[in-house]
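[1] sequence? don't have it. structure:
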């Protein structure tokens, strides 16, 4: 799927309030899903918007209408050794209230789910709530965000690798096998993520924006062997979760 094909889909997707999906094309990832149909297994491509793209749309829409957009504190629905399930409510002065529910799998999930279950579940639940308003809701793509679909793909890959190592290869493809097919399969660190990381770094360690940028550069190199210029959206999400975790650990001491 080319960028122009994605733009055609975005142009055909209804606007939400005062924003058009085409304005937020840089937050869209094209992914391939492998599904079984009447004629056997087939690959179909669909565009998905990242959660920060949906958030950027929602914030811009409400800013243009001079209306409030409020996010409720996550509510824990399930919290055990196997999973963490959260519900996030979003209230719009324009459109009313919606909620989203998402799960991090502590067993069998991705590395991000296992290491930062709260951040992954909260982000996914927020994205689903925003989708209920119509932000990033493309025909055929459902409520899932790009992060949700990439997690499914990563889990399929991990299961496949595990089966091969155990000597029991699977001949049956996953019902929802996904992999990236577009150049933005691993989207870069977004401006919103960068700003959030700088804010979190300054909250933790003080200093100005330049100090935070230099500190984050070293943090990315230490964790991913490259700097901010080559950082991906997923890497940014992982380090955001790491810094948020540090802030939560310090909160009782500061109280």
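    Noted; the coordinates are in hand. Everything numeric here is computed off the predicted structure, so don't read it as measured data.
[2] okay, CA-based contacts and neighbour counts for the rest of this
    OK.
[3] Just the helices from the stretch 1-150 of the chain, written as ranges.
    3-12, 51-65, 111-115, 117-132, 146-165 (DSSP state H, counting those that start in this stretch).
[4] Tell me which of these is the most buried.
    helix 117-132 (a mean of 25; mean count of other C-alpha atoms under 10 Å).
[5] Counting by contacts, list what it packs against.
    helix 51-65, strand 83-92, strand 96-105, helix 111-115 (3 or more C-alpha pairs under 8 Å, 6 or more residues apart in numbering; DSSP states H and E).
[6] For the shortest one, what does the pLDDT average out to?
    Across helix 111-115, the average pLDDT comes to 85.
[7] what do you get for the longest one?
    For helix 51-65, mean pLDDT rounds to 93.
[8] got it, and the third one?
    Across strand 96-105, the average pLDDT comes to 94.
[9] Report the buried residues of it.
    97-105 (16 or more other C-alpha atoms under 10 Å).
[10] rewinding a little: please name whichever of the helices of the stretch 1-150 of the chain is nearest to residue 240.
    helix 117-132 (8.4 Å; C-alpha to C-alpha).
[11] hmm, back to that, could I get the helices of the stretch 1-150 of the chain as TSV with distance to residue 83?
    Listed next are the helices of the stretch 1-150 of the chain as TSV, based on distance: least, C-alpha to C-alpha, whole Å:
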stretch	distance to residue 83
helix 3-12	34
helix 51-65	21
helix 111-115	9
helix 117-132	8
helix 146-165	15
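[12] For residue 223, which of those is the nearest?
    Of all the helices of the stretch 1-150 of the chain, helix 111-115 comes closest under C-alpha to C-alpha, at 13.4 Å.
[13] and that closest one, how far out from the chain's middle?
    13 Å (C-alpha atoms, centre = their mean, to the nearest Å).
[14] what's in contact with that helix?
    Residues outside helix 111-115 that contact it (C-alpha atoms under 8 Å, 6 or more residues apart in numbering) are 104-107, 120-121, 238.
[15] Which pair of those spans the longest distance?
    Within the contacts of helix 111-115, two members stand farthest from each other by C-alpha to C-alpha: 107 and 238, at 18.0 Å.
[16] Same drill for the two, tell me which one is more crowded.
    residue 238 (19 against 11; other C-alpha atoms under 10 Å).
[17] If you count neighbours, what's buried in the host helix or strand of the more buried one?
    Using DSSP states H and E, residue 238 falls within helix 233-254. Neighbour counts using 16+ other C-alpha under 10 Å place 233-241, 243-244, 247 of helix 233-254 among the buried residues.
[18] show me where pLDDT drops low in the stretch 101-250 of the chain?
    152-187 (pLDDT under 70).
[19] hang on, the earlier thing: got TSV for the helices and strands packed on helix 117-132, with distance to residue 32 too?
    Shown next, in TSV, are the helices and strands packed on helix 117-132 (distance: least, C-alpha to C-alpha, whole Å):
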stretch	distance to residue 32
helix 51-65	19
strand 83-92	27
strand 96-105	22
helix 111-115	22
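[20] Show me the one of the ones you listed that comes nearest residue 214.
    helix 51-65 (23.5 Å).
[21] So which residues lie in contact with stretch 197-216, not counting its own?
    228, 236, 239-240, 243-244, 246-247.
[22] Nearest to residue 16 among the helices and strands packed on helix 117-132 would be which one?
    helix 51-65 (7.5 Å).
[23] what's the distance between that closest one and the middle of its chain?
    On C-alpha atoms, centre = their mean, the centre of helix 51-65 falls 15 Å from that of its chain.
[24] what helices or strands is that helix leaning on?
    strand 69-71, helix 117-132.
[25] can you tell which of the helices and strands packed on helix 117-132 is closest to residue 143?
    strand 96-105 (9.5 Å).
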